[in-house]
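Undergrad: Return a 3D structure for these sequence lines:
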Amino acid sequence: MKVLFVSSGSRSGLSPIIKNQGESLINTGVELDYFLLKEGGIRGYLKAIFELKKYLKNHKIDIIHAHYGYCGIVSHFARTSERLVVSFMGSELLGQKVSGKNISGILFRNLNNLLCRYYDHVIVKSAEMLKSLDKENNNYSVIPNGVSFDKFYPMDQSVAREHLGYELDEIIIIFPANPIRAEKNFSLAEEAINLLKREVRLVTFVNIPNQDLVYYYNACDLVLFTSIYEGSPNVIKEALACNCRILSTPCGDVPDVIADSVGAELISYKHKEVAEAVIEALSSDDIPNGRETIAHLRDDVIAEKIIKIYNSIRSF
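TA: A predicted model of the protein is given here:
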């Protein structure tokens, strides 16, 4: 079985989340390659359709697996006999919570809904995302992205801090996202931290190599996640795999993912209440156990679910 991942590559290359999923499939024996969309916007997508058509003409592909709705649209109009799986990642379906009535966003969401009935299978990351789609056929699965237990694991905090150059007596809080992204709601985290009557190092995830993230998770005293909307945020699963202490707003599938984990709690969208929760978390003696509660979300387990979908649509 030859699978082609179609994904964005216009900003900083292939997303680590998609790369990790590809590696997990390759480890099970799937033959897989990547096709990256280099340009955004309608012009870039139209150009990508013709480039993908040319690629498919010269390569034998059984299944196209497109990641993000716009890659699904491109793949749909480029394919001939290839089966098509489309994974919606979150923003293309839930982005209206921030962007509101943005015309281009509305057009793409409506087009996604229209074309879904023609895809061979659709994967969404959470039940919330599934609710946002018009479901004409029974070709939907809720499958969150998996997390690599080989890449994300607990280590001694002093080792992680020494690697990063942090002092052992610092209070370190991780905001595991880029603050400029509106949906990540950095202002809530910042306002809450400013209410604390103690010095805190607030670390954000900007241009951090994926292989270094394990040190940041293990170096911190707390992961603070304040998103307005998400699909199935991998940073939460990565933090759980490292047995981090976590406070998160109830976005995406986070309530379900952290439900059984000691040291992981939900917070409100009110900065005073978040500040109080941070103080309580930093003083807690509970021992986080997130890693043992998310074994069902290991990347190899998720890979097997995806392979079952591939096999089912090949038998049509």
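Undergrad: State whether Lys19 is indeed within a helix.
TA: Yes: per DSSP: H, G, I helix; E, B strand; the rest coil, Lys19 lies within a helix segment.
Undergrad: ok, it - how many residues close by?
TA: Counted by other Cβ atoms under 10 Å, the residues lying close to Lys19 total 15. Any C-beta I mention is one placed from the backbone N, CA and C, and that applies to glycine too.
Undergrad: List the residues that contact Ile302.
TA: Gln21, Ser24, Ile143, Pro144, Asn145, Gly146 (Cβ atoms under 8 Å, 6 or more residues apart in numbering).
Undergrad: Quick one: these as a markdown table, columns for pLDDT too.
TA: As requested, these are exported to a markdown table (pLDDT from 0 to 100):
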| residue | pLDDT |
| --- | --- |
| Gln21 | 96 |
| Ser24 | 96 |
| Ile143 | 94 |
| Pro144 | 93 |
| Asn145 | 93 |
| Gly146 | 96 |
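Undergrad: Select from those every entry located in helices.
TA: The helices, defined by DSSP state H, take in Gln21, Ser24 from the contacts of Ile302.
Undergrad: In JSON lines, list the contacts of Ile302 along with neighbour count and distance to Ala78.
TA: Listed next are the contacts of Ile302 as JSON lines, based on neighbours: other Cβ atoms under 10 Å; distance: Cβ to Cβ, whole Å:
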{"residue": "Gln21", "neighbour count": "25", "distance to Ala78": "21"}
{"residue": "Ser24", "neighbour count": "23", "distance to Ala78": "25"}
{"residue": "Ile143", "neighbour count": "17", "distance to Ala78": "24"}
{"residue": "Pro144", "neighbour count": "24", "distance to Ala78": "27"}
{"residue": "Asn145", "neighbour count": "22", "distance to Ala78": "24"}
{"residue": "Gly146", "neighbour count": "25", "distance to Ala78": "27"}
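Undergrad: How about the secondary structure of His65?
TA: His65 ends up strand, using three-state DSSP.
Undergrad: Just give the nearest non-adjacent residue to it, would you?
TA: In space, and not counting its chain neighbours, His65 is closest to Val85: 4.6 Å by Cβ to Cβ, 6 or more residues apart in numbering.
Undergrad: isn't there a strand covering the one you found?
TA: Yes: under three-state DSSP, Val85 falls within a strand.
Undergrad: ok so, going back, closest one to Ile64 out of the contacts of Ile302, please.
TA: Gln21 (14.6 Å; Cβ to Cβ).
Undergrad: returning to that earlier point: any chance of the contacts of Ile302 in CSV, plus distance to Ile287?
TA: Shown next, in CSV, are the contacts of Ile302 (distance: Cβ to Cβ, whole Å):
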residue, distance to Ile287
Gln21, 31
Ser24, 29
Ile143, 30
Pro144, 25
Asn145, 27
Gly146, 25
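Undergrad: After the strand or helix carrying His163, which helix or strand is next?
TA: Per DSSP states H and E, His163 falls inside helix 157-164. With elements assigned by DSSP H and E, the helix or strand that comes after helix 157-164 is strand 172-175.
Undergrad: how much space between Leu195 and Ile279?
TA: 9 Å (Cβ to Cβ, to the nearest Å).
Undergrad: Let me fix that, I meant to ask about Leu164.
TA: In terms of Cβ to Cβ, Leu164 sits 24 Å off from Ile279.
Undergrad: pLDDT weak spots in this structure?
TA: Filtered on pLDDT under 70, the chain yields the residue ranges 10-12, 91-106, 109, 134-138, 315-316.
Undergrad: give me that answer again for 80
TA: 9-13, 90-114, 131-138, 315-316 (pLDDT under 80).
Undergrad: any idea how far Leu25 is from Pro209?
TA: 22 Å.
Undergrad: Which one's more surrounded, the two?
TA: Comparing Leu25 with Pro209 by other Cβ under 10 Å, the one with more neighbours is Leu25, at 24 against 7.
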